[in-house]
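Q: Fold the stuff below for me.
(chains A and B)
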Amino acid sequence: MELTWESLAFLIFSAMTLGGGFAVVTQRNLFHAALFLMLSLFGTAGLFVLLVAPFLAAVQVLVYIGAIAILILFAIMLTRRIMGLETTLNSQWPVALITMVILFVSLLLVLTPLGDNVSGERLNATFTEIDKESEVSDVSFTTVAAIGEAFSTRNGFVLPFEIVSLLLTAALIGAIVVAREDEA
Amino acid sequence: MVPLWMFLMVSAGLFSLGVFGVLSRRNAIAILMSVELMLNAANINLVAFWRYLNPDNIAGQVFAAFVFAVAAGEAAVGLALILAIYRNRQTVIVEDVNLMKW
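A: Here you go, the predicted model:
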(Lines give C-alpha, C1' and ligand atoms only; values in the text may rest on other atoms or scores of the structure.)
Protein backbone atom coordinates (compact mmCIF):
# COMPACT_ATOMS: atom_id res chain seq x y z
CA MET A 1 0.00 0.00 0.00
CA GLU A 2 1.46 3.26 -1.15
CA LEU A 3 1.28 6.06 1.34
CA THR A 4 1.43 9.73 0.52
CA TRP A 5 2.65 12.18 3.14
CA GLU A 6 -0.85 13.54 3.49
CA SER A 7 -2.44 10.16 4.20
CA LEU A 8 0.36 9.35 6.63
CA ALA A 9 -0.31 12.61 8.48
CA PHE A 10 -4.02 11.80 8.47
CA LEU A 11 -3.36 8.38 10.00
CA ILE A 12 -1.13 9.86 12.71
CA PHE A 13 -3.56 12.67 13.61
CA SER A 14 -6.64 10.43 13.60
CA ALA A 15 -4.80 7.89 15.76
CA MET A 16 -3.98 10.72 18.19
CA THR A 17 -7.59 11.89 18.18
CA LEU A 18 -9.21 8.49 18.66
CA GLY A 19 -6.54 7.08 20.98
CA GLY A 20 -6.68 10.18 23.16
CA GLY A 21 -10.48 10.01 23.19
CA PHE A 22 -10.40 6.35 24.20
CA ALA A 23 -7.99 7.14 27.04
CA VAL A 24 -10.22 10.03 28.19
CA VAL A 25 -13.19 7.73 28.74
CA THR A 26 -11.26 4.79 30.23
CA GLN A 27 -8.36 6.33 32.18
CA ARG A 28 -8.79 5.87 35.92
CA ASN A 29 -6.60 8.80 36.94
CA LEU A 30 -8.59 11.91 36.07
CA PHE A 31 -5.47 14.06 35.72
CA HIS A 32 -4.09 11.68 33.09
CA ALA A 33 -7.48 11.67 31.37
CA ALA A 34 -7.29 15.46 31.05
CA LEU A 35 -3.79 15.20 29.55
CA PHE A 36 -5.09 12.64 27.04
CA LEU A 37 -7.93 15.06 26.26
CA MET A 38 -5.24 17.58 25.30
CA LEU A 39 -3.66 14.96 22.99
CA SER A 40 -7.02 14.28 21.37
CA LEU A 41 -7.68 18.00 20.85
CA PHE A 42 -4.23 18.42 19.32
CA GLY A 43 -4.97 15.58 16.90
CA THR A 44 -8.16 17.37 15.92
CA ALA A 45 -6.14 20.54 15.27
CA GLY A 46 -3.95 18.49 12.94
CA LEU A 47 -7.01 17.24 11.09
CA PHE A 48 -8.12 20.87 10.67
CA VAL A 49 -4.73 21.66 9.09
CA LEU A 50 -5.21 18.75 6.68
CA LEU A 51 -8.62 20.19 5.80
CA VAL A 52 -7.00 23.57 5.00
CA ALA A 53 -8.59 25.39 7.93
CA PRO A 54 -5.50 27.02 9.50
CA PHE A 55 -7.52 29.58 11.48
CA LEU A 56 -9.61 26.88 13.15
CA ALA A 57 -6.49 24.83 13.89
CA ALA A 58 -4.90 27.81 15.64
CA VAL A 59 -8.11 28.55 17.56
CA GLN A 60 -8.33 24.87 18.50
CA VAL A 61 -4.86 24.97 20.06
CA LEU A 62 -5.38 28.37 21.73
CA VAL A 63 -8.94 28.02 23.02
CA TYR A 64 -9.36 24.29 23.55
CA ILE A 65 -5.89 23.24 24.70
CA GLY A 66 -4.82 26.59 26.10
CA ALA A 67 -8.02 27.55 27.90
CA ILE A 68 -10.62 24.79 28.25
CA ALA A 69 -8.22 21.93 29.00
CA ILE A 70 -6.30 24.07 31.50
CA LEU A 71 -9.61 25.07 33.13
CA ILE A 72 -10.50 21.38 33.45
CA LEU A 73 -7.08 20.66 35.00
CA PHE A 74 -7.70 23.44 37.55
CA ALA A 75 -11.10 21.99 38.41
CA ILE A 76 -9.59 18.51 38.82
CA MET A 77 -6.93 19.83 41.18
CA LEU A 78 -9.47 21.86 43.17
CA THR A 79 -11.51 18.69 43.74
CA ARG A 80 -8.43 16.59 44.33
CA ARG A 81 -9.62 14.49 47.25
CA ILE A 82 -12.04 12.68 44.96
CA MET A 83 -9.42 11.63 42.44
CA GLY A 84 -8.64 8.18 43.84
CA LEU A 85 -11.90 6.39 43.08
CA GLU A 86 -12.08 2.60 43.35
CA THR A 87 -14.38 2.38 40.34
CA THR A 88 -14.31 4.78 37.44
CA LEU A 89 -17.41 3.54 35.65
CA ASN A 90 -20.92 3.32 37.04
CA SER A 91 -23.09 0.23 37.08
CA GLN A 92 -24.76 0.96 33.74
CA TRP A 93 -21.54 0.85 31.70
CA PRO A 94 -22.47 -2.35 29.76
CA VAL A 95 -25.63 -0.62 28.55
CA ALA A 96 -23.55 2.42 27.66
CA LEU A 97 -21.16 0.20 25.68
CA ILE A 98 -24.05 -1.35 23.73
CA THR A 99 -25.49 2.11 23.07
CA MET A 100 -22.12 3.29 21.83
CA VAL A 101 -21.76 0.36 19.41
CA ILE A 102 -25.31 0.79 18.08
CA LEU A 103 -24.78 4.53 17.64
CA PHE A 104 -21.46 4.02 15.85
CA VAL A 105 -22.92 1.43 13.45
CA SER A 106 -25.93 3.61 12.65
CA LEU A 107 -23.68 6.64 12.11
CA LEU A 108 -21.62 4.49 9.75
CA LEU A 109 -24.73 3.48 7.83
CA VAL A 110 -25.93 7.07 7.55
CA LEU A 111 -22.61 8.70 6.73
CA THR A 112 -21.12 6.24 4.25
CA PRO A 113 -23.57 7.04 1.41
CA LEU A 114 -22.72 10.72 1.94
CA GLY A 115 -18.97 10.31 1.71
CA ASP A 116 -18.48 8.13 -1.40
CA ASN A 117 -19.58 4.52 -1.41
CA VAL A 118 -17.61 2.38 0.96
CA SER A 119 -17.97 -0.94 -0.76
CA GLY A 120 -15.53 -3.75 -0.09
CA GLU A 121 -13.34 -2.93 -3.06
CA ARG A 122 -13.00 0.72 -2.10
CA LEU A 123 -12.00 -0.16 1.43
CA ASN A 124 -9.15 -2.22 -0.02
CA ALA A 125 -8.20 0.43 -2.56
CA THR A 126 -4.99 2.27 -1.84
CA PHE A 127 -4.92 5.93 -1.02
CA THR A 128 -3.53 6.85 -4.43
CA GLU A 129 -6.28 5.00 -6.28
CA ILE A 130 -8.90 6.89 -4.33
CA ASP A 131 -6.91 10.06 -5.05
CA LYS A 132 -7.70 9.90 -8.72
CA GLU A 133 -11.40 9.33 -8.12
CA SER A 134 -12.14 12.04 -5.61
CA GLU A 135 -10.67 15.24 -6.97
CA VAL A 136 -11.40 18.16 -4.70
CA SER A 137 -11.08 21.70 -5.93
CA ASP A 138 -8.15 23.56 -4.46
CA VAL A 139 -8.85 26.08 -1.76
CA SER A 140 -6.66 29.07 -1.10
CA PHE A 141 -4.85 29.51 2.17
CA THR A 142 -6.32 33.00 2.59
CA THR A 143 -9.36 31.65 4.41
CA VAL A 144 -8.47 33.70 7.50
CA ALA A 145 -9.26 36.92 5.64
CA ALA A 146 -12.48 35.40 4.32
CA ILE A 147 -13.55 34.45 7.87
CA GLY A 148 -12.78 37.96 9.10
CA GLU A 149 -14.91 39.45 6.35
CA ALA A 150 -17.73 37.01 7.04
CA PHE A 151 -17.70 38.05 10.70
CA SER A 152 -17.78 41.76 10.02
CA THR A 153 -19.84 42.45 6.88
CA ARG A 154 -23.54 43.07 6.89
CA ASN A 155 -24.21 40.30 4.38
CA GLY A 156 -22.18 37.90 6.47
CA PHE A 157 -22.54 36.84 10.07
CA VAL A 158 -22.48 40.05 12.09
CA LEU A 159 -25.65 39.34 14.03
CA PRO A 160 -24.81 35.71 14.94
CA PHE A 161 -21.32 36.88 15.87
CA GLU A 162 -22.66 39.52 18.25
CA ILE A 163 -25.15 37.07 19.74
CA VAL A 164 -22.39 34.55 20.37
CA SER A 165 -20.31 37.29 22.02
CA LEU A 166 -23.25 38.12 24.27
CA LEU A 167 -23.76 34.43 25.07
CA LEU A 168 -20.10 34.05 26.02
CA THR A 169 -20.19 37.15 28.24
CA ALA A 170 -23.36 35.96 29.96
CA ALA A 171 -21.91 32.47 30.43
CA LEU A 172 -18.70 33.80 31.99
CA ILE A 173 -20.54 36.19 34.34
CA GLY A 174 -22.87 33.34 35.29
CA ALA A 175 -19.89 31.05 35.94
CA ILE A 176 -18.31 33.65 38.26
CA VAL A 177 -21.58 34.10 40.16
CA VAL A 178 -22.16 30.34 40.52
CA ALA A 179 -18.60 29.50 41.60
CA ARG A 180 -18.19 32.46 44.00
CA GLU A 181 -17.95 31.77 47.71
CA ASP A 182 -21.02 32.98 49.55
CA GLU A 183 -20.02 35.76 51.92
CA ALA A 184 -22.36 36.14 54.86
CA MET B 1 -6.32 13.71 -0.96
CA VAL B 2 -7.74 11.65 1.87
CA PRO B 3 -11.35 10.74 0.99
CA LEU B 4 -14.20 12.38 2.88
CA TRP B 5 -15.54 9.19 4.42
CA MET B 6 -12.33 8.71 6.41
CA PHE B 7 -12.84 12.03 8.20
CA LEU B 8 -16.46 11.04 8.81
CA MET B 9 -15.34 7.71 10.30
CA VAL B 10 -12.92 9.44 12.67
CA SER B 11 -15.56 11.89 13.83
CA ALA B 12 -18.20 9.15 14.21
CA GLY B 13 -15.76 7.16 16.34
CA LEU B 14 -14.90 10.20 18.46
CA PHE B 15 -18.59 11.02 18.97
CA SER B 16 -19.36 7.42 20.00
CA LEU B 17 -16.50 7.48 22.52
CA GLY B 18 -17.93 10.72 23.93
CA VAL B 19 -21.38 9.16 24.26
CA PHE B 20 -19.90 6.19 26.10
CA GLY B 21 -18.03 8.52 28.43
CA VAL B 22 -21.10 10.61 29.23
CA LEU B 23 -23.20 7.52 29.97
CA SER B 24 -20.67 5.56 31.99
CA ARG B 25 -18.29 7.84 33.90
CA ARG B 26 -19.04 8.60 37.55
CA ASN B 27 -17.00 11.76 37.91
CA ALA B 28 -18.78 14.93 36.75
CA ILE B 29 -15.54 16.42 35.35
CA ALA B 30 -14.96 13.27 33.27
CA ILE B 31 -18.48 13.62 31.88
CA LEU B 32 -17.69 17.22 30.93
CA MET B 33 -14.53 16.06 29.15
CA SER B 34 -16.58 13.52 27.19
CA VAL B 35 -18.96 16.29 26.12
CA GLU B 36 -15.94 18.21 24.82
CA LEU B 37 -15.00 15.14 22.75
CA MET B 38 -18.49 15.09 21.20
CA LEU B 39 -18.32 18.80 20.34
CA ASN B 40 -14.96 18.18 18.68
CA ALA B 41 -16.41 15.35 16.61
CA ALA B 42 -19.16 17.69 15.39
CA ASN B 43 -16.54 20.29 14.48
CA ILE B 44 -14.52 17.79 12.44
CA ASN B 45 -17.68 16.97 10.50
CA LEU B 46 -18.49 20.64 9.88
CA VAL B 47 -15.04 21.45 8.56
CA ALA B 48 -14.79 18.24 6.50
CA PHE B 49 -18.11 18.87 4.78
CA TRP B 50 -17.12 22.49 4.17
CA ARG B 51 -13.83 21.41 2.57
CA TYR B 52 -15.20 18.63 0.37
CA LEU B 53 -18.66 19.82 -0.60
CA ASN B 54 -18.68 23.60 -0.61
CA PRO B 55 -15.22 25.18 -0.13
CA ASP B 56 -16.33 28.51 -1.64
CA ASN B 57 -18.87 29.18 1.09
CA ILE B 58 -17.06 30.18 4.27
CA ALA B 59 -20.14 29.47 6.43
CA GLY B 60 -18.85 26.02 7.35
CA GLN B 61 -15.80 27.43 9.11
CA VAL B 62 -17.79 30.28 10.65
CA PHE B 63 -20.20 27.78 12.18
CA ALA B 64 -17.28 25.76 13.56
CA ALA B 65 -15.97 28.98 15.18
CA PHE B 66 -19.38 29.47 16.83
CA VAL B 67 -19.14 25.92 18.18
CA PHE B 68 -15.81 26.90 19.78
CA ALA B 69 -17.43 29.84 21.55
CA VAL B 70 -20.35 27.76 22.79
CA ALA B 71 -17.97 25.03 23.98
CA ALA B 72 -15.93 27.58 25.94
CA GLY B 73 -19.07 28.93 27.62
CA GLU B 74 -20.31 25.41 28.34
CA ALA B 75 -17.01 24.40 29.95
CA ALA B 76 -16.90 27.53 32.13
CA VAL B 77 -20.48 27.17 33.39
CA GLY B 78 -20.18 23.40 33.82
CA LEU B 79 -16.99 23.62 35.87
CA ALA B 80 -18.47 26.44 37.98
CA LEU B 81 -21.49 24.25 38.74
CA ILE B 82 -19.23 21.31 39.63
CA LEU B 83 -17.17 23.51 41.98
CA ALA B 84 -20.34 24.82 43.63
CA ILE B 85 -21.63 21.28 44.14
CA TYR B 86 -18.24 20.20 45.51
CA ARG B 87 -18.22 23.06 47.99
CA ASN B 88 -21.71 22.23 49.25
CA ARG B 89 -21.67 18.43 49.23
CA GLN B 90 -17.95 17.50 49.15
CA THR B 91 -18.42 15.26 46.12
CA VAL B 92 -18.13 15.32 42.33
CA ILE B 93 -19.66 11.86 41.86
CA VAL B 94 -22.88 12.35 39.93
CA GLU B 95 -24.64 9.45 41.70
CA ASP B 96 -24.22 11.20 45.05
CA VAL B 97 -25.93 14.35 43.79
CA ASN B 98 -29.47 13.01 44.02
CA LEU B 99 -31.33 15.79 45.82
CA MET B 100 -33.83 16.19 42.98
CA LYS B 101 -34.07 12.50 42.17
CA TRP B 102 -37.56 11.13 42.61
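Q: Of all the residues in the helix or strand where residue A:49 lies, which ones are buried?
A: For residue A:49, the element it lies in under DSSP states H and E is helix A:30-50. Judged by neighbour count using 16 or more other CB atoms under 10 Å in any protein chain shown, the buried positions of helix A:30-50 are A:30, A:33-48, A:50. In this view, the C-beta of every residue, glycine as well, is placed from N, C-alpha and C.
Q: can you tell me which helix in chain B is longest?
A: Longest helix in chain B, counting residues (DSSP state H): helix B:59-89.
Q: where in chain A is pLDDT low?
A: Applying pLDDT under 70 to chain A flags residues A:1-2, A:80-87, A:113-142, A:183-184.
Q: Quickly list the domain ranges of it.
A: With automatic domain parsing serving as the domain definition, the record reports that chain A contains domains spanning A:1-88, A:93-136, A:142-184.
Q: mean confidence score for the longest helix of chain B?
A: Here the mean pLDDT over helix B:59-89 is 90, rounded to a whole number.
Q: list the helices and strands it packs on?
A: helix A:54-59, helix A:69-78, helix A:143-152, helix A:158-179, helix B:28-53 (3 or more CB pairs under 8 Å, 6 or more residues apart in numbering or on different chains; DSSP states H and E).
Q: any chance of these in JSON lines, with mean neighbour count too?
A: JSON lines is the format used below for the helices and strands packed on helix B:59-89 (neighbours: other CB atoms under 10 Å in any protein chain shown):
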{"stretch": "helix A:54-59", "mean neighbour count": "19"}
{"stretch": "helix A:69-78", "mean neighbour count": "18"}
{"stretch": "helix A:143-152", "mean neighbour count": "16"}
{"stretch": "helix A:158-179", "mean neighbour count": "14"}
{"stretch": "helix B:28-53", "mean neighbour count": "23"}
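Q: Out of these, which gets nearest to residue A:4?
A: Using CB to CB as the measure, helix B:28-53 is the one of the helices and strands packed on helix B:59-89 that comes nearest residue A:4, at 17.0 Å.
Q: and that closest one with helix A:143-152, angle?
A: Computed with axes from the mean of the first three to the mean of the last three CA atoms, to 10 degrees, the direction of helix B:28-53 lies at 110 degrees from that of helix A:143-152.
Q: What is the burial count for residue 16?
A: Picked chain A for this. For residue A:16, the tally of surrounding residues (other CB atoms under 10 Å in any protein chain shown) stands at 20.
Q: Please refer instead to chain B.
A: Other residues within reach of residue B:16, judged by other CB under 10 Å, total 26.
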